[in-house]
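Asks: sequence first, then the predicted structure, then my questions.
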Amino acid sequence: MSNTLKRPIRVLVAKVGLDGHDRGAKVIATSLRDAGMEVIYTGLRQTPEMVVNTALQEDVDAIGISILSGAHMTVFPKIMDVMKEKGLNNVLLTGGGIIPEKDMLQLKEKGVGTLFAPGTTMATIVSYIQNWVTEHRNF
């Protein structure tokens, strides 16, 4: 499914906390750009509040969090809480990294979108974001 919006899909890619490994986030950002999306990359060491504030300022359709630190069970719920506080109820929160499958399932139950493990194809991630945005943000 392709983007039916009359504008490019806007995605914020962020690294939260002290996780200093950003190669994967940069690869994702480049792949999303290559797929025609507008990508805002926040860089390293963001707080959940900083991520959500940037998402608001940039009017994004999706937030993608890259996490390798093991703090995913803290980071994603905190971002969800701040998103709710700020009224970002129709923005996708997705991401990927080193996240055990059981944790991915628990986060999905809390409202986080699909999370992607290492080795997921870029086409899968691009397609997921395009489909989600087309279904939920077609306004």
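Replies: Good, I have the coordinates.

Asks: contacts for the lowest-mean-pLDDT helix or strand in the chain?
Replies: Between all helices and strands in the chain, the lowest mean by mean pLDDT, DSSP states H and E belongs to helix 23-34, at a mean of 92. Contacts to helix 23-34, defined as CB atoms under 8 Å, 6 or more residues apart in numbering, come from residues 11, 13-15, 39, 41, 64, 66, 68, 96-97, 118, 122, 125-126, 129. (C-beta placed from N, C-alpha, C; glycine too.)

Asks: what's the lowest-pLDDT member of those residues?
Replies: Ranked by pLDDT, these bottom out at residue 68 (85).

Asks: so what's that one up against?
Replies: By CB under 8 Å, 6+ apart, the contact list for residue 68 reads 19, 21, 24, 97, 98.

Asks: helices - which of these land there?
Replies: If you go by DSSP state H, those have residue 24 in helices.

Asks: name the SS class of the residue positioned nearest the centre of the chain, please.
Replies: Centroid-nearest residue in the chain: residue 64, 1.5 Å away (criterion: CA atoms, centre = their mean). Three-state call for residue 64 (DSSP: H, G, I helix; E, B strand; the rest coil): strand.

Asks: ignoring the adjacent residues along the chain, who's closest to it?
Replies: Nearest-residue entry for residue 64: residue 13, 4.8 Å, with adjacent residues in sequence omitted and distances by CB to CB, 6 or more residues apart in numbering.

Asks: show me what the strand or helix carrying that neighbour is in contact with.
Replies: Using DSSP states H and E, residue 13 falls within strand 10-15. Residues from elsewhere that reach strand 10-15 (CB under 8 Å, 6+ apart): 22, 25, 28-29, 32, 37-46, 51, 54-55, 58-67, 129.
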